[in-house]
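1. Take a look and give me a structure for this.
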Amino acid sequence: MIIGIDASRAVKKQRTGTENYSRNLIFELAKIDSRNQYILYVGSDYDGSFDNFPKNFLVKIIPNKKYWTQVGLSLEMIKNKPDVLFVPSHILPTISGKRSVVTIHDLAWKYFPEVYSNKEIRLQDLSIRRALKKHADIIVYSKSTASDLKKFYPKSAGLINFVPMGFDSSGHCNLPIGDPVGEERHGLPQGDPVGNLPKEIASPPAGWIAMTNQPYILYVGRLESKKNLVNLIQAYDMLRSERDIKEKLVLVGKPGFGHDQISVEISKSKFKADIIETGFVSDDERSSLYQNASLFVFPSLFEGFGFPILEAFAAGIPVVTSNVSSMPEVAGNGAILINPKKPFEIAAAMSQIMNKPELARKLVRAGQKELEKYSWEICAQQTLKVLTGMDNE
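-> Numbers count the residues shown, from 1 in each chain. So this is what the prediction gives:
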């Protein structure tokens, strides 16, 4: 079988969740499948990522810079149509393979249309409607997204395939999966509420040394309105009213829609000097920031999955996250769940973790247990079943 994959997003220099999903899945397919033939379609910005892949993988560069998907990829489908075309992080082209498979990551635009341009909303809607028209198999990796698809697009019900998300903890992990988590392993002196991890475990990059010499609370994600950072900043102000809590608040990610409101809220904070925006950081910097944090807080109003929750679990830090959309599904028993619309509730959860060391350790142990559900090998195996038309029940 010839399997074509739109790999254009997998080679972007600055990758976020959907691009990393695409990249990691392609790398894992290369490990597990020597039987089928693969064509990886990329743009003229291809960086050589797949040059050392097995012989059954071919890289096809499509040079069209404008309308790459709808013109360039469609023309390639006319000339050399694969048995199946898989689009893991973008819209299906007008003309696709003999069969089509697409991953739908979330329907956030249905709940927060103000965050998206009219063009983006039309494109998202078109992506799903085109998949339905082509009777494409749809992959989702959260039951929340599956439920949303059935709600807004009832005809999708018979096309949805649930495939668990993959995760590799090696880039984040302080603690081997399943290891007991105790004070010595955490590097915590007796009675220290949470503390930072020992510097020999995770030395921060030079640019963060001054900041990570002091304890901090971490958020990772785009700095935009649907991530609920205004409420997080208000919650942080409440938390800092406690006499013994001195942690800074570190916000990691690119600015997005509504960042102006976030900046205004920071400027109003009594503790604005302790609220740090890093902008986009490299994978290594992000990993070190996780590993040196006191706790991770992710009070988003909506997530298709909530990948940063797993990154925090792997780093061995306790987590506070929202009780809406996919976040309870991802967090399982490994986090304190809060109503993201209530800053006091966010503050109370953070305070609990910072003042109750046994609770912090319990959450870390539970988070490590949740990670056992996620593997790129399993994700690739089940994706391959969908691609080859095998039963994926």
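2. Tell me how many other residues surround the residue lying closest to Asp33 once chain neighbours are set aside.
-> Nearest residue to Asp33 in three dimensions, chain neighbours excluded: Leu384, at 5.9 Å (Cβ to Cβ, 6 or more residues apart in numbering). Any C-beta I mention is one placed from the backbone N, CA and C, and that applies to glycine too. Applying other Cβ atoms under 10 Å, we find 21 residues neighbouring Leu384.
3. Now do the same contact list for the residue sitting nearest the centre point of the chain.
-> Nearest to the geometric centre of the chain sits Phe307, at 3.1 Å (Cα atoms, centre = their mean). By Cβ atoms under 8 Å, 6 or more residues apart in numbering, the contact set of Phe307 is Gly17, Asn20, Met165, Phe167.
4. 10 Å instead?
-> Counting by Cβ atoms under 10 Å, 6 or more residues apart in numbering, Phe307 touches 16-18, 20-21, 141, 165, 167, 220-221, 298, 330, 374.
5. Now do the domain split for the protein, please.
-> Here the domain parsing of the chain from automatic domain parsing is 2-166+375-387, 169-371.
6. which stretch in these is the model least sure about?
-> Mean pLDDT is lowest for domain 169-371 out of these, coming in at a mean of 84.
7. where does that domain sit relative to the chain's centre, distance-wise?
-> Here domain 169-371 shows a centroid-to-chain-centroid distance of 15 Å under the convention Cα atoms, centre = their mean, to the nearest Å.
8. Could you shift the numbering so residue one becomes 14, and keep it that way?
-> Will do, 14 is the new start, and the previous item becomes domain 182-384.
9. end-to-end on that domain?
-> By Cα to Cα, to the nearest Å, the extent of domain 182-384 from end to end equals 8 Å.
10. packing partners for the helix or strand hosting the residue nearest to Asp46?
-> If you go by DSSP states H and E, Leu397 is part of helix 389-400. Judged by 3 or more Cβ pairs under 10 Å, 6 or more residues apart in numbering; DSSP states H and E, the packing partners of helix 389-400 are strand 15-19, helix 30-45, strand 97-100, strand 112-116, strand 150-153, strand 173-175.
11. Quick check: which of the ones you listed is buried the most?
-> Mean neighbour count (mean count of other Cβ atoms under 10 Å) peaks for strand 97-100 among the helices and strands packed on helix 389-400, with a mean of 28.
12. What strands flank that one, and is each parallel or antiparallel?
-> Here strand 97-100 is paired, per DSSP bridges, with strand 15-19 (parallel), strand 112-116 (parallel).
13. Give me the distance from the first one to the chain's centre.
-> Centroid separation between strand 15-19 and its chain, computed with Cα atoms, centre = their mean, is 24 Å.
14. Restricting to C-alpha, output that strand in PDB.
-> Taking C-alpha atoms only, strand 15-19 is exported to PDB below (Å, rounded to 0.1, in the frame of the first residue of the first chain):
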ATOM      1  CA  ILE A  15       1.200   3.500  -0.800                       C
ATOM      2  CA  ILE A  16       0.500   5.900   2.100                       C
ATOM      3  CA  GLY A  17       0.900   9.700   1.400                       C
ATOM      4  CA  ILE A  18       1.300  12.000   4.400                       C
ATOM      5  CA  ASP A  19       1.100  15.800   4.400                       C
END
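15. now the angle from it to helix 389-400?
-> Orientation check (axes from the mean of the first three to the mean of the last three Cα atoms, to 10 degrees): strand 15-19 against helix 389-400 gives 120 degrees.
16. What of the last one?
-> Taking the same axes, to 10 degrees, strand 112-116 and helix 389-400 form an angle of 140 degrees between their directions.
17. What distance do you get for Glu290 to Leu71?
-> In this view, Glu290 and Leu71 are 42 Å apart by Cβ to Cβ, to the nearest Å.
18. Could I get the buried residue list for the helix holding Leu397?
-> The neighbour-count check on helix 389-400 (16 or more other Cβ atoms under 10 Å) flags Trp389, Ile391, Cys392, Ala393, Gln394, Gln395, Thr396, Leu397, Val399, Leu400 as buried.
19. and of these, the nearest to Lys92?
-> Nearest to Lys92 among the buried residues of helix 389-400 is Leu400, at 21.2 Å by Cβ to Cβ.
20. my read: that closest one touches Ile152, true?
-> Yes - the criterion here is Cβ atoms under 10 Å, and Leu400 meets it with Ile152 at 9.3 Å.
21. Can you pull the residues that touch both of those two?
-> In contact with both Leu400 and Ile152: Phe99, Val114, using Cβ under 10 Å, 6+ apart.
22. Any idea how many residues pack against the residue nearest to Gly56 when sequence neighbours are not counted?
-> Closest residue to Gly56 apart from its sequence neighbours, by Cβ to Cβ, 6+ apart: Ser21 at 5.1 Å. Neighbourhood size, Ser21 [other Cβ under 10 Å]: 23.
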